[in-house]
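> fold the following and give me the result.
(chains A, B and C)
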Amino acid sequence: MNGGAPLLSVSDLRVGFVTEAGRVQAVDGVSFELRPGEVLAIVGESGSGKSVTAQTIMGLTRSKNSRIEGSVKLDGEELTGADEAHLREVRGERIGMIFQDPMTSFNPVYKVGDQIVEAIRAHRDLSRAESHQRAIALLDSVGIPNAAQRVDAYPHEFSGGMRQRAMIAMALSLEPDVLIADEPTTALDVTVQAQILRLLEDLNRERGLATILITHDLGVVAEVADRVLVMYAGRVVEEGTLDEIFYDPQHPYTWGLMGSLTRLDRPRPHRLPQIAGSPPSLLELPQGCHFRPRCPHEFSKCPQNPELEARLPEVPGHCDRCWLTPEQKREKRQVEGQIGLEAPS
Amino acid sequence: MSGESLLEVTDLVKHFPVKRGILIDREVDQVRAVDGVSFTVARGETLGLVGESGSGKSTACRAVLQLLKPTSGSVKFEGREIAGLGRRQMRPLRREMQMIFQDPYASLNPRKRVGQIVGDPLRRQKIASGSELRQRVQELLERVGLSSEHYNRYPHEFSGGQRQRIGIARALSLKPKLVICDEPVSALDVSIQAQIINLLDDLQDELGLAYLFVAHDIGVVRHISDRIAVMHDGKIVEQGSADQVCEQPKDDYTKKLLAAVPIPDPRESRERAASG
Amino acid sequence: MLRFVVRRLVGMVFVLFAVSVLVFVIFNIAPTNPAQRIAGKNATPQLVASIEKEWDLDKPLPTQYVTMMKKIFTGELISYEGRENVNDRIVEGIPATVSLCIGAAVIWMFFGVLFGYLSAIRAGGWLDTSLTVLAVAGISMPVFWLAAIFLNYLCYKAGIFPSGGYVEITSNPLDWASHLIVPWVTLAILYAGFYSRVLRSNMLDAMNEDYVRTARAKGLSERRVMSRHVLRNSLIPIVTLFGLDFGALLGGAILIEAIFSLSGIGEYGYQALINSDLPPIMAITLFGAFFIVLFNTLVDIAYAYLDPRIRLGTEAP
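Residues are numbered from 1 along each chain as shown, chains lettered A, B, ... in the order given. A predicted model of the protein is given here:
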């Protein structure tokens, strides 16, 4: 599955934006590594910074209103300070990206095939005819029937699931080593979602495609991911393997996320354990731990900024940002026999 | 929880004509959005209507409320036939049946203040005015978890979850017996979804409301519903108690739908993948 | 598509009919007596009466209307003033009007799109601000005032350009152009300003669209992103606007033609209005209406071609 040097290495990434309302720190010191063939899930809600992190890796957030610090290394090569020409080569060729809404992510006035051809010819010296053939083969490889006809169809002539497949085909047209998928199934029906996830899994397994999957849906994470990053208000609050996060979660926000899920495999709880309050405005963040206002377990140490550290003795890869001791965590995360977050008293 | 039927829908049909023709439009085909559905909702109970996009569930809601005129079929509210009633006749009934919408960003008029939005139904139905109106609105705001201070603010000053609460307050202002919830939590963050679902549950217990809860997320529907109806291609393919439908589904589509829902449990997910 | 075109043709007939009736009714409500005017001053009642007979002006209105319509289509319509064949005069006026419209259109589209594009890609900068000021100035200056200023300074005083009149392109192209440059620029300034604003606004919206983000994520050059994705999509509303504006303009840019004495349809219409001369008024109005409806239809067809999501003549459920 993995092994060897990391393919993508993000270190202390910080992204700030200047807006009319003030300065907003969308990403506040995010670090992680992605190894070849690995599937890393980044979980978070609005304002968590997960999408901004992904787009910054590709250099898509550069503008005169943004300030980017830290390091993003692809195969040892630094991307954050690189010039546009180099980044353009990386985009599509080494890292492919797909977005949430395939309807708006395709240009409605061009045929799907032409848009794939455009992607190919931006990086390779192929003729139109050759690129066109390649586009047909790509559509076929992601499971689109009648690829030879569908290649000349417009985006609005595809169903939601087929559009997303076409989007995946386009992102992989140059055989990148990394795929970043930003909420790829959120806009799709659940039966279609299952198909797309299966496709992503197959691509990961067959081609060793390293994937960063951004989502808010823990069910999707459980199906596809190898490792998980949980983000809240611009920071990573917990990081670990899939089993570590799901069976031994260490951060109250993670407990809250897991508890508030409806689950078909368990009897219905009387009441859904919820997280109080709302995701914070990035303009008014509390001192220290950003989750404090919503955390029922807040105590005296919380105004001190917790670092992302491995706090369990035998598990060096499992890190979190919570001052509670491992014993306290184990005790406090049980609500009515399941993992969840108790309401503040 | 049970009682006589509040809402009784029988063989409800809503077709949209597809017209063609050179000079004069002739109906050549129909889009059968709702193709003969029947269900009942009892007083104080929740019927969940679950289906994917294109299943017809939203159209069915609108046809029940007479926001769309049904092509055929019967809709009885408290024993009285309302299918095909005109706007004037429906007006007094609007107090009894209300709706909450999916998109908290689109369903509130951005140019009106919150107090106005919530108070409008009361004003229009001439139930209250002036300071009495204001008081009732503030009570409603507090009941849905907002503060009475929010009376003068505009929708854009609130988060998605808060706006949804405003929509709920508006729906409750006329003290309806039935509230149709059309995907009320789909557009919200996961941590907020649980809050809204709990709020709807609490309000049901407090006020004895009946819900027709429409959503594509079967997990959420199962949590809040007493009974569930599964819609596919304009028809109801399975109906029964929530536990029955989810644990012992009879219809193939229901089974397919349930099988597609990802389980947030890695071991079970691996087992399921290995076996299926 | 066939369905669409047929419906539009039928619609056009109705529109033209309604316009003609309206013009006729309005003219006849006004307190003018054409027979009196034709007879001139010092006319005897007998002369007026005989003119009335000759011109069918003593018949009931509906009959007059029908006769006039017939004459328009058979090319026999004669104007009250000067007793000229209306259709012939209109045909004579076409070259001037068309030259004026096409020349102005080329100039306004070129500058409108160029300035709009530059404003959008350098939005917020000094170039954008300067171009915006220019555009707003162009939109705000009244056409007749601008025409008068140019005529006065460029034509009379400085003598750079001739002060009016039209020269056939076939006789002397250079002369033809020099007579038209000032009218072209005067007419174009307003439209160029407007179009540059519209394009700028559309482009700024388009730049925030998801598909532009995808285009960048594919590694396309910024130039390609701007031209193939942002500009292409932003031009669609411009094309439709152009069709409508140009169609309306063909009906006669009355002000410009009158001020610069370009003997086109607009000027003919102006003269007819001053003289309360119904036949040319009717003919020119119908002529203009025809082009407006025609271009409306062409614009809709073009739109369907440019934006594949639009399918003409089909109703979505």
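
> does chain A sit close to the helix or strand hosting C:Trp176?
Under the criterion of DSSP states H and E, C:Trp176 resides in helix C:173-207. No - Helix C:173-207 stays clear of chain A (Cβ under 8 Å from any Cβ of the partner chain), getting no nearer than 9.8 Å. Where you see a C-beta, it was placed from the backbone N, CA and C, and this is true even at glycine.

> point me to the residue of the stretch 151-276 of chain B nearest chain C.
B:Gly234 (12.3 Å; Cβ to the nearest Cβ).

> I'd say that residue and B:Ala33 touch.
Yes - the criterion here is Cβ atoms under 8 Å, and B:Gly234 meets it with B:Ala33 at 5.8 Å.

> anything in contact with each of those two?
B:Gly56 (Cβ atoms under 8 Å, 6 or more residues apart in numbering or on different chains).

> is it true that A:Tyr110 lies in a helix?
No - membership of A:Tyr110 in a helix is not supported by DSSP: H, G, I helix; E, B strand; the rest coil, which gives coil.

> quick one, what contacts it?
A:Tyr110 touches A:118, A:154, counting by Cβ under 8 Å, 6+ apart.

> ok, back up a step: list the buried ones in the helix holding C:Trp176?
Buried residues in helix C:173-207, counting neighbours by 16 or more other Cβ atoms under 10 Å in any protein chain shown, are found at C:176, C:179-200, C:202-204, C:206-207.

> where does the stretch 201-345 of chain A have low pLDDT?
For the stretch 201-345 of chain A, applying pLDDT under 70 flags the ranges A:343-345.

> err, the stretch 151-300 of chain C, not the other one
Low-confidence segments of the stretch 151-300 of chain C (pLDDT under 70): C:252.

> swap the cut-off to 90 and go again
C:151-183, C:240, C:244, C:247-294, C:296-300 (pLDDT under 90).

> now whatever residue of the stretch 101-250 of chain A ends up closest to chain B: which helix or strand?
For the stretch 101-250 of chain A and chain B, the shortest gap (Cβ to the nearest Cβ) falls at A:Gly219, measuring 3.2 Å. Assigning secondary structure by DSSP H and E places A:Gly219 in helix A:218-224.

> can you show me the helices along the stretch 51-200 of chain C?
Secondary structure of the stretch 51-200 of chain C (DSSP state H, counting those that start in this stretch): helices at C:61-74, C:86-121, C:126-140, C:143-150, C:173-207.

> restricting to C-alpha, output the fourth one in CSV.
By that I understand helix C:143-150. Coordinates of each C-alpha in helix C:143-150 appear next as CSV, following Å, rounded to 0.1, in the frame of the first residue of the first chain:
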residue,chain,number,x,y,z
VAL,C,143,-25.4,61.9,-28.8
PHE,C,144,-26.8,65.1,-30.3
TRP,C,145,-24.5,67.3,-28.2
LEU,C,146,-21.5,65.2,-29.0
ALA,C,147,-22.4,65.4,-32.7
ALA,C,148,-22.8,69.1,-32.5
ILE,C,149,-19.4,69.5,-30.8
PHE,C,150,-17.6,67.3,-33.4
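
> list the buried ones in that helix?
Burial within helix C:143-150, assessed by neighbour count using 16+ other Cβ under 10 Å, is assigned to C:146-147, C:150.

> dump these to JSON lines, plus distance to chain A.
Output for the buried residues of helix C:143-150, formatted as JSON lines (distance: Cβ to the nearest Cβ, whole Å):
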{"residue": "C:Leu146", "distance to chain A": "37"}
{"residue": "C:Ala147", "distance to chain A": "39"}
{"residue": "C:Phe150", "distance to chain A": "40"}
